[in-house]
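Student: got a predicted structure plus its sequence, pasted below:
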Amino acid sequence: MKIAKNTVVSVNYKLSDAQNNLIEDGAQPMVYLHGGYENTLPKIEEELDGKDVGYTSTIQIEPEDAFGDYDPNLVKVEERNRLPEPIEVGMQFEGVAEGSDEEPVIFTVTEIADDKVVLDGNHPLAGMALRFDLSVIDVRAATPEEIAHGHVHGAHGHEHGHEDIEDSEPGDHFRSQPLQ
Ligand SMILES: [Zn+2]
């Protein structure tokens, strides 16, 4: 079966930066609902559209097509006593960036001094060109329920009841490892 809108694609991947430094060696395949549901990066969907099991490819995705440019305005220093304890580098908090349109931002703790904490609201992969080695291992038709929910169920997919959940923005798969 060829990859098309409303197919569920399983793809083995390896993620490196443009200098070929390994960022994430996908121990588990990425399994996503194809067709513009924002379950993976649009450039990956574009690359795989119309392809079949066995297709392999290496693509490089520039920051503007991945997690955006690095924005120094999203870095802020916070009083340590305003944050929960214990606190450690790599922890993430949801907050609102100053001067923003109040879109919530995930802040990652990047530095801790005695009484100050540096919070970085950039995605850990912001500003980086990303190189994906992709290898398609399975393609199946999505179920009507998966199409209605806009994401994959079952093995490697979302495990949940029938309540609707709001999650799963592009790149969630690659947020699992905080990067220095
Ligand atoms: Zn669901």
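Tutor: Nice, I can see it. In this text the structure is predicted, and so the values were computed from the model without any measurement.
Student: what helices or strands is the helix or strand bottoming out on mean pLDDT in the chain leaning on?
Tutor: One helix or strand of the chain scores below all others by mean pLDDT, DSSP states H and E: strand 92-96, with a mean of 82. Strand 92-96 is packed against strand 104-112, with contacts defined by 3 or more C-beta pairs under 8 Å, 6 or more residues apart in numbering; DSSP states H and E. In this view, the C-beta of every residue, glycine as well, is placed from N, C-alpha and C.
Student: quick one: whichever helix or strand comes after the strand it packs on to chain centroid distance?
Tutor: Per DSSP states H and E, the first helix or strand lying C-terminal to strand 104-112 is strand 116-120. Taking C-alpha atoms, centre = their mean, to the nearest Å, one finds the center of strand 116-120 at 22 Å from the center of the full chain.
Student: could you do stretch 123-133 as well?
Tutor: With C-alpha atoms, centre = their mean, you get 10 Å for stretch 123-133.
Student: and for stretch 57-67?
Tutor: Centroid separation for stretch 57-67 versus its chain: 12 Å, with C-alpha atoms, centre = their mean.
Student: stretch 45-53 too?
Tutor: 19 Å.
Student: could you list the residues in contact with that stretch?
Tutor: Stretch 45-53 has contacts (C-beta atoms under 8 Å, 6 or more residues apart in numbering) with 1-4, 9, 11, 34-36, 55, 57, 59, 134, 136-139.
Student: tell me which of these fall in strands.
Tutor: Val9, Val11, Ser57, Ile59, Leu134, Val136, Ile137, Asp138, Val139 (DSSP state E).
Student: please convert the residues you listed to CSV, extending it with neighbour count.
Tutor: Listed next are the ones in strands among the contacts of stretch 45-53 as CSV, based on neighbours: other C-beta atoms under 10 Å:
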residue, neighbour count
Val9, 30
Val11, 27
Ser57, 14
Ile59, 15
Leu134, 21
Val136, 19
Ile137, 13
Asp138, 14
Val139, 20
